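J.: structure, please.
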Amino acid sequence: MASMKRYFKFVCIFLIIITRYSSNAQQIVIDNIPAQLDIRPAGQGSIRITLKPLNYKGNFASTPAVLDKDYGKPIISLTNISKTVKKSVGDLNVEVTPTPVMVTISNKKGQLLQRIRINDNGSVSFQLDKGPVLGLGEGGQAPEKGIDWRTLPVQYDRKGRYYKMQPRWQSDAYGSRNPVPLLIDPGNWAIFVVSPWAEVDLTAKDQGLFIPWKPGGEQNSPQTMANQALNLGKGLPPIDQMVPGLFDLFVLDAHDPAVLMKNFSMITGPAAMPPKWALGYMQSHRTLETEKEMIGIVDTFRTKKIPLDAVIYLGTGFVPRGWNKKQPSFEFNPEVFKRDPKYFMSDMHALQVKVVLHMVPWDRDKLPGLHGNIPAKAGEKLDASHIQSYWNQHIPLVNTGVDAFWPDEGDWFNLDERIKRHQLYYQGQLSAKPNLRPWSLQRNGYPGVAQWGGWVWSGDTESSWKTLETQIAVGLNYAVSIGPYWGTDIGGFFPNKELTGELYARWFQFGAFNALFRSHGVTWHTRLPWGWGAGTLGPPEGKNHPLLTELNNPAIEPIVKKYDELRYQLLPYTYTLAWQAREKGLPLMRPMWLHYPDDERCKTIHDQYLWGRDLLIAPVYKKGATSRTVYLPKGDWYDWWENKKMEGNKRIKRLVDLSILPIYVRAGAIIPVDPVRQYTAEKVAGPTTLKIFTGADGSFILYEDDGSSQDYLKGKSPQIKIVWNDKEKILTLAPDKTKTPRTFKVQLIPGKQIKLVHYTGQTKKIQF
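T.: Next comes the predicted model:
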């Protein structure tokens, strides 16, 4: 009897304990759906947090924006929580607490990165600090009706606004809007939301919100060419793939920006190396007359010795007479081409220029969707939507001699199709020319396109000084949240009375330090380097034109030529930046904070930037400017034009005339400079000059390859490590991978001392 009482007492105590534990345990719920919380390492200084409904079978959301790779089993996996859970996840510390469920992330130094809170209403909140929030993709919010966008402040810091995250076409100062839910607090944290498609609320001071976007009834139908002006589901993930309650996001440590950018590139795919010619100058044409005119334009570039690598031709319908029959069409326009187009292509190639054709996709009747791979993988259905089927229509153009494509429009595609379109033009061109690097220029960008050689331009902007200023900020946010290859229409797309030779020259200077270096716009003769001295508009379009009194300005052409030549002189430096984009995830155009994360002033600067690590670019964007205020970070800096040395950590005023774009070089920088060439593949007689800006130690790895093949993927990429010891005045050249002999001129700055150095492929030290 006594034993039975003891047994009963034990059972009661056990049930009480279980009951208390069960009553205290909190079921993890998202949007009233029972869920599982998984947390995994996602690379150095980054984790992947996934909140998924219990009936969801996959590990993560399905998306082409993130590389499909094994992230391993979760370190933390919870369906309910009653007490704090603390674990190391990779090299970050993670703490999960109940009521409400919150994930707190810090690094090994004890620095707090983020507090992610799961809210009952389906939203996810995150902490905002005092600093700015950058990223969020390309473009800005459309101005409210009745407000002159020229009077609004430039949107660089994303704080203080609610973002609908609606991809759209717009003009004004920003151009196309390609939103990305990647937010960066410079020098602190970054968050990339993979799923769901979420609106972003940054109106509060201390807390941001990701709010799942919920489609309405009419948004369940695919958008088409006819209704692309409507903002239904265009540019958003496929609606039928949206999973209620599925949240999938990355949190990254941004204290070391170099690690941040490398991690982001490893998550979304390392950038493909572009063909070297794509880093040269490109001239866009609009209304075409005859082959003779087209060849004559290139002849003029060559006669005037203005460097050029590519010409781009629009399609008919976008202009009265384009390269093809009315878009969309794959047939050459017989009104323009009176002979077999392959002979025209041959003539252009003899002039050492590439030919790029403007393309518009078929509507949904002929191109219902985009899926698959080139070549098609086993089990893929080769229907009208398969990218192999669509690419096959391009093959006759490639066989005729077309070098690359400009796939325009397609705004009606959903997000997966937009990324797939980049894949189409990458894999398609490789299938046609297996060892030749593909290139295409597209309007729509998103993380994941860089692995497919994604190049994006900012769309059809207005010609205005405000637009020029704003495009700097647009490019910087694009660079850190989408990919390294971006550019703007030099001069702006839509002309007006504000478009002058002065504005074009200033825009050209800025364009020389964009990845995409292209002049393009309506009334296109004013986008030719000599167009402002021609005295005529050329083929007029629309009603808004530049003032005729501005068309006899002989000062513009030599200024434009100067910066075109500078772009080509800096080619060995810029091409090395392309390699850094692939290997390190660093964009060519870099916000100041990427290399100065501890400088609070660098975090908010939107109107100057770094071209690589060592060149500081400060575009002039004020009409009639005679000076430009520039902030120089800590350290010594040199004026590029005068070789004048000055201390940093302060703002300076640089006097300018129309010929001067302020450029500054960091002390310790090693800048390789080539003789001027007329196209990127031209062999030049003189050696590369290594400009050593003394006053600090420095290093630079000079990257070179053949500029066109896929051999870089096999490690065939000569690299030379160049190190400057400022105290000892010793320059060291050492082979990093291969041992390729060559000759350099070495110039110490300041001063005029130059040494000719014969590098044999073995380590060599030069004493100064």
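
J.: lowest average confidence, helix or strand, in this protein?
T.: In the chain, the helix or strand scored least confidently by mean pLDDT, DSSP states H and E is helix 2-24, which has a mean of 42.

J.: let me know the next secondary structure element after that helix.
T.: Reading on from helix 2-24 to the C-terminus, the next helix or strand found by DSSP states H and E is strand 26-27.

J.: partners of the helix or strand following that next one in the sheet?
T.: Per DSSP H and E, the first helix or strand lying C-terminal to strand 26-27 is strand 29-30. Strand 29-30 has these partner strands in its sheet, going by DSSP bridges: strand 33-41 (antiparallel).

J.: so what's the gap between the strand it pairs with and the chain middle?
T.: Taking C-alpha atoms, centre = their mean, to the nearest Å, one finds strand 33-41 lying 31 Å from the centre of the chain it belongs to.

J.: give me the neighbour count for G542.
T.: One way to gauge burial is a neighbour count; for G542, by other C-beta atoms under 10 Å, it gives 10. From N, CA and C alone the C-beta is placed, and that goes for glycine too.

J.: now the end-to-end length of stretch 492-512.
T.: Looking at stretch 492-512, the gap from its leading to its trailing residue is 15 Å under the measure C-alpha to C-alpha, to the nearest Å.

J.: ditto for stretch 52-66
T.: Between the opening and closing residues of stretch 52-66 there is a gap of 17 Å (C-alpha to C-alpha).

J.: which positions in that stretch come out as buried?
T.: Buried residues in stretch 52-66, counted by 16 or more other C-beta atoms under 10 Å: K52, P53, Y56, F60, A61, S62, T63, P64, A65, V66.

J.: which non-adjacent residue is nearest the fifth one?
T.: Spatially, and ignoring its direct neighbours in sequence, A61 is nearest to S195 (3.3 Å; C-beta to C-beta, 6 or more residues apart in numbering).

J.: isn't that neighbour up against Q241?
T.: No. Using C-beta atoms under 8 Å as the test, S195 is too far from Q241 to be in contact (9.1 Å).

J.: what about these two, which has more around it?
T.: Counted by other C-beta under 10 Å, S195 and Q241 do not tie: S195 has more neighbours, with 24 against 13.

J.: so that one bridges to which residues?
T.: D248.

J.: ramachandran coordinates for the residue nearest the centre of the chain?
T.: In the chain, the C-alpha closest to the average C-alpha coordinate belongs to G483, at a distance of 2.9 Å (C-alpha atoms, centre = their mean). Geometry field for G483 lists phi and psi as phi -180, psi 180, criterion degrees, to the nearest 10.

J.: do the one 4 residues further on as well
T.: When read as degrees, to the nearest 10, the backbone of G487 gives phi -160, psi 170.

J.: show the pLDDT at it.
T.: With respect to pLDDT, G487 has a value of 98.

J.: so who does it touch?
T.: Applying C-beta atoms under 8 Å, 6 or more residues apart in numbering, we find G487 in contact with W455, W457, S458, G475, G511, N514, A515, L516, F517, R518.

J.: looking at those residues, which are in helices?
T.: Counting by DSSP state H, those place G475, G511 in helices.

J.: export the contacts of G487 to TSV and append columns for distance to T400, neighbour count and pLDDT.
T.: Converted to TSV, those look like this (distance: C-beta to C-beta, whole Å; neighbours: other C-beta atoms under 10 Å; pLDDT from 0 to 100):
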residue	distance to T400	neighbour count	pLDDT
W455	23	25	98
W457	25	26	98
S458	30	28	97
G475	34	24	98
G511	30	26	98
N514	30	23	98
A515	28	24	98
L516	25	21	98
F517	26	24	98
R518	23	23	98
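
J.: now, which of the contacts of G487 sits nearest K164?
T.: Checking the contacts of G487 against K164 with C-beta to C-beta, the nearest one is S458 at 19.4 Å.

J.: could you find the closest non-adjacent residue to that closest one?
T.: Nearest non-adjacent residue to S458, counting by C-beta to C-beta, 6+ apart: G175, 3.6 Å away.

J.: check Q228 too.
T.: W412 is the one closest to Q228 (C-beta to C-beta, 6+ apart), at 4.3 Å.

J.: can you check G453 too?
T.: Of all residues beyond its chain neighbours, the one nearest G453 is A272 (4.2 Å), with distances taken as C-beta to C-beta, 6+ apart.

J.: and W277, by the same measure?
T.: In space, not counting the residues next to it along the chain, W277 is nearest to D309; the distance is 4.5 Å by C-beta to C-beta, 6+ apart.

J.: and for that neighbour, the neighbour number?
T.: Neighbours of D309 under the rule other C-beta under 10 Å: 25.

J.: quick one: it from G296, how far?
T.: Counting by C-beta to C-beta, to the nearest Å, the separation of D309 from G296 is 18 Å.

J.: among the buried residues of stretch 52-66, which lie within strands?
T.: K52, P53 (DSSP state E).

J.: residue contacts, the nearest residue to F301 once chain neighbours are set aside?
T.: With C-beta to C-beta, 6+ apart as the measure, L308 is the residue that lies nearest to F301, at 4.3 Å, once sequence neighbours are left out. By C-beta under 8 Å, 6+ apart, the residues touching L308 are G280, Y281, M282, Q283, V298, F301, R302, V353, Q678, Y679.

J.: could you tell me whether L308 really is in a helix?
T.: No. With the criterion set as DSSP: H, G, I helix; E, B strand; the rest coil, the secondary structure at L308 is coil rather than a helix.

J.: look up how far G315 lies from it.
T.: In this view, L308 and G315 are 21 Å apart by C-beta to C-beta.

J.: also A229?
T.: For A229, the distance to G315 (C-beta to C-beta) stands at 20 Å.

J.: more neighbours: which of these two?
T.: G315 (21 against 11).

J.: assess the claim that that one and E331 are in contact.
T.: No. The pair G315 and E331 does not pass the contact test of C-beta under 8 Å, sitting 10.5 Å apart.

J.: average pLDDT across stretch 292-307?
T.: Regarding stretch 292-307, the rounded mean pLDDT is 98.

J.: please apply the same query to stretch 521-535.
T.: If you average the pLDDT values across stretch 521-535, you get 96.

J.: again, but for stretch 568-581
T.: 98.

J.: got a list of contacts for it?
T.: Stretch 568-581 is contacted from outside by 271, 273-274, 276, 279-281, 307, 450, 484-485, 567, 586-588, 611-612, 615, 671-678, 680, 688, 700-704, 707, 717, using C-beta under 8 Å, 6+ apart.

J.: go again using 7 Å as the cut-off
T.: Taking contacts as C-beta atoms under 7 Å, 6 or more residues apart in numbering, the residues outside stretch 568-581 that touch it are 271, 273-274, 276, 279-280, 307, 484, 586-588, 612, 671-674, 676-677, 680, 688, 702-703.

J.: and these, which are buried?
T.: When neighbours are counted using 16+ other C-beta under 10 Å, these contain these buried positions: 271, 273-274, 276, 279-280, 307, 484, 586-588, 612, 671-674, 676-677, 680, 688, 702-703.

J.: what residues sit buried inside the helix or strand harbouring T104?
T.: Assigned by DSSP H and E, T104 belongs to strand 102-107. Of the residues in strand 102-107, those buried under the neighbour-count criterion (16+ other C-beta under 10 Å) are V103, T104, I105, S106, N107.

J.: before we move on, what about stretch 93-101?
T.: Applying a neighbour-count criterion of 16+ other C-beta under 10 Å, one finds N93, V94, V96, T97, P98, V101 buried in stretch 93-101.

J.: ok, now how distant is the nearest residue to R168 once chain neighbours are set aside from G140?
T.: Nearest in space to R168, with sequence neighbours left out and distances taken as C-beta to C-beta, 6+ apart, is R177 at 4.8 Å. Using C-beta to C-beta, one obtains 7 Å as the distance from R177 to G140.
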